[in-house]
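Colleague: Structure, please.
(chains A and B)
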Amino acid sequence: DTGVSQNPRHKITKRGQNVTFRCDPISEHNRLYWYRQTLGQGPEFLTYFQNEAQLEKSRLLSDRFSAERPKGSFSTLEIQRTEQGDSAMYLCASSKETSGGYNEQFFGPGTRLTVL
Amino acid sequence: QKEVEQDPGPLSVPEGAIVSLNCTYSNSAFQYFMWYRQYSRKGPELLMYTYSSGNKEDGRFTAQVDKSSKYISLFIRDSQPSDSATYLCAMRGRGSYIPTFGRGTSLIVHP
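Modeller: As a prediction, the model looks like this:
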């Protein structure tokens, strides 16, 4: 499968615990995005990487959230001291930089987080 | 008021019907307009995108953008039960890589 993959697919944790999610983008894609989607809502942007550089962060990304893309390939999203309000689907997407025109983002299947 | 408004539905139609899905927006800087389909417990997949105003057709799907009214539409002809999904509109400005999504419309096509 050459699409975007995310692990784990589901995570159940207790309030106050730390969790980490992983995203493996399509191999030639240099841009990687994290989104959060709650039930009945569209995806909301969290952060974006071009290669290993984190270029943009949403104000939704509180201090408890951190994302890395150390070698410009896979990325991790960590949530510290989880709260019940963090329960959501966390989506990763990747795209390939082109010289002009539209750059399609390809989404992974998401990691569903439930905080008890 | 959200930047992108989309009726969540659900919209229930019989197989073979023509479906019309719509979004309105407030940001006049939006230039790229996208429609995604999302099946339950899956990530969104891009159906179509349109740059600026006009129509675009791809098989049974037609996307329309009316920038003067800040209104976009997706039409699905000869709808099939396999079209049952949530349809998300999304849009972004020309200099941005980050789309703003609507909340999605749930479509149910019954046999």
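Colleague: List the buried residues of the worst-scoring helix or strand of chain A on mean pLDDT.
Modeller: Of the helices and strands making up chain A, the lowest-confidence element is strand A:53-57, at a mean of 93, by mean pLDDT, DSSP states H and E. Judged by neighbour count (16 or more other CB atoms under 10 Å in any protein chain shown), strand A:53-57 contains these buried residues: A:Gln54. Any C-beta I mention is one placed from the backbone N, CA and C, and that applies to glycine too.
Colleague: anything in it near chain B?
Modeller: Yes: part of strand A:53-57 sits close enough to chain B to count as contact by CB under 8 Å from any CB of the partner chain, namely A:Glu56.
Colleague: partners of that strand, with directions?
Modeller: Here strand A:53-57 is paired, per DSSP bridges, with strand A:44-50 (antiparallel).
Colleague: contacts for the partner strand?
Modeller: Strand A:44-50 has contacts (CB atoms under 8 Å, 6 or more residues apart in numbering or on different chains) with A:30-37, A:54-58, A:60-61, A:65, A:67, A:69, A:72, A:75, A:77, A:90, A:97, B:97-101.
Colleague: and the residues you listed, which are buried?
Modeller: A:31-37, A:54, A:58, A:61, A:65, A:67, A:69, A:75, A:77, A:90, B:97, B:99-101.
Colleague: Against A:Thr111, how distant is the spatially most central residue of chain A?
Modeller: The residue at the geometric middle of chain A, judged as the C-alpha nearest the mean C-alpha position with CA atoms, centre = their mean, is A:Trp34 (3.0 Å). Distance check for A:Trp34 against A:Thr111: by CB to CB, to the nearest Å, it reads 10 Å.
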